[in-house]
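Colleague: test case, fold it:
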Amino acid sequence: MVSNVPFVRQTAWISLFPQLLFCGLLISGYYIAGQQEFFLFGTLTYLAVSISLRYLVPRSHRKGIDLVKQKSFKAAIPLFERSYNFFSKNQWIDRYRYLTLLSSSKMCYREMALVNIAFCYGQIGNADKSIEYYNRILTEFPSNGIAIAALNFLNGISRVEK
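Modeller: A predicted model of the protein is given here:
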């Protein structure tokens, strides 16, 4: 099912260097082990590890994204809250996500979870909770452009309605 829900993907391009290094180490390992198809095996191993890490560790986050794509915003909120809690308890995984999850996301998973919660509340018509979460995002992540733009938009609407 194709979703018409907007998604923002910000890439930290610098994160590609450790990932390419890891892929290169895998390729080198297969080469040293004498595998004839060392490049193919190294690349496939990298892809398998990368996909596994991104789908298994942030499981709640992925399920939340799937629900948002299905426009089940209310059901997605607890999954994003679970994701936020998991990455709050395991901040080292989130902080070093370039290596631990082979993720190139500029935003950490905690930040993404809060943005998604705020978005979901906005989609179900709970503007107060949405504003509360966007403000929380700016408390924890002051330079979050999504939260700044959303609050400007929501504050602009509330001024027009008055």
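
Colleague: buried residues in the strand or helix carrying I27?
Modeller: Take DSSP states H and E as the rule and I27 turns out to sit in helix 16-32. With burial defined by 16 or more other Cβ atoms under 10 Å, the residues of helix 16-32 counted as buried are 19, 22-23, 26-27, 30. C-beta here means a position set from N, CA and C on the backbone, and glycine is covered the same way.

Colleague: swap in stretch 138-155?
Modeller: Neighbour count says stretch 138-155 has 141, 144, 146-147, 150-151, 154 buried, by 16+ other Cβ under 10 Å.

Colleague: stretch 91-106 too?
Modeller: Result for stretch 91-106 [16+ other Cβ under 10 Å]: buried residues 93-94, 97-98, 101-105.

Colleague: got the end-to-end distance for it?
Modeller: End-to-end distance of stretch 91-106 (Cα to Cα, to the nearest Å): 15 Å.

Colleague: contacts only, for I148.
Modeller: L138 (Cβ atoms under 8 Å, 6 or more residues apart in numbering).
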